[in-house]
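S.K.: With the input below, show me the fold.
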Amino acid sequence: MKRSHRVNPHYQPGTWEDIKHYRELHTYRPIMTGHGVFDVNKESIERLEDAHENFDDLPAVINGKLKWKRADNTWVKLSRTQIGSLLKTLRKERSVRRSYLMEKAEDFKNKTVIPTPDELSDINYWMK
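M.R.: Numbering: from 1, shown residues only. Below you'll find the predicted structure:
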């Protein structure tokens with residue numbers, strides 16, 4: 001009986017597809033702000049934009065504040081100005097993160113030893 005050696009999948013180098021997958025996943029991970037942690041996927045940003053644009057017409061606005069659910073499912077009350085500031089911060093931070101991740105993805109792709117999928121799945125590995 002012939003034995004075959006198999007490499008533990010946790011130690012196999014990632015593929016370009018793995019790198020792109022985790023780059024996109026990490027781009028949209030929640031971002032910490034002065035008002036807490038917020039989702040930054042396209043849908044979440046669009047909801048914030050809608051709330052900011054239509055703030056005065058929203059029935060949920062009480063005493064100039066709108067209750068908003070954060071990424072950790074806790075609530076915070078925000079004014080129109082705070083929502084605008086939050087949007088600006090989230091867009092900037094997501095843009096900076098995306099730019100950094102794009103650069104790191106190219107670095108990973110060109111390495112002689114490509115990181116494993118386990119390493120790629122950890123955002124802290126990308127931020128080294």
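
S.K.: longest helix of this protein?
M.R.: Longest helix in the chain, counting residues (DSSP state H): helix 80-110.

S.K.: right, and the helix or strand after that one?
M.R.: Later in the chain than helix 80-110, the nearest helix or strand by DSSP states H and E is helix 117-120.

S.K.: same for that following helix, what does it pack against?
M.R.: helix 16-27 (3 or more Cβ pairs under 8 Å, 6 or more residues apart in numbering; DSSP states H and E). Where you see a C-beta, it was placed from the backbone N, CA and C, and this is true even at glycine.

S.K.: what does the helix it packs on contact?
M.R.: 14, 94, 97-98, 101-102, 104-105, 108-109, 114-115, 117, 120-121, 123, 126 (Cβ atoms under 8 Å, 6 or more residues apart in numbering).

S.K.: Check which element follows that helix along the chain.
M.R.: Downstream of helix 16-27, the next assigned helix or strand under DSSP H and E is strand 31-33.

S.K.: partner strands of that following strand, parallel or antiparallel?
M.R.: Using DSSP bridges, the strands paired with strand 31-33 are strand 36-38 (antiparallel).
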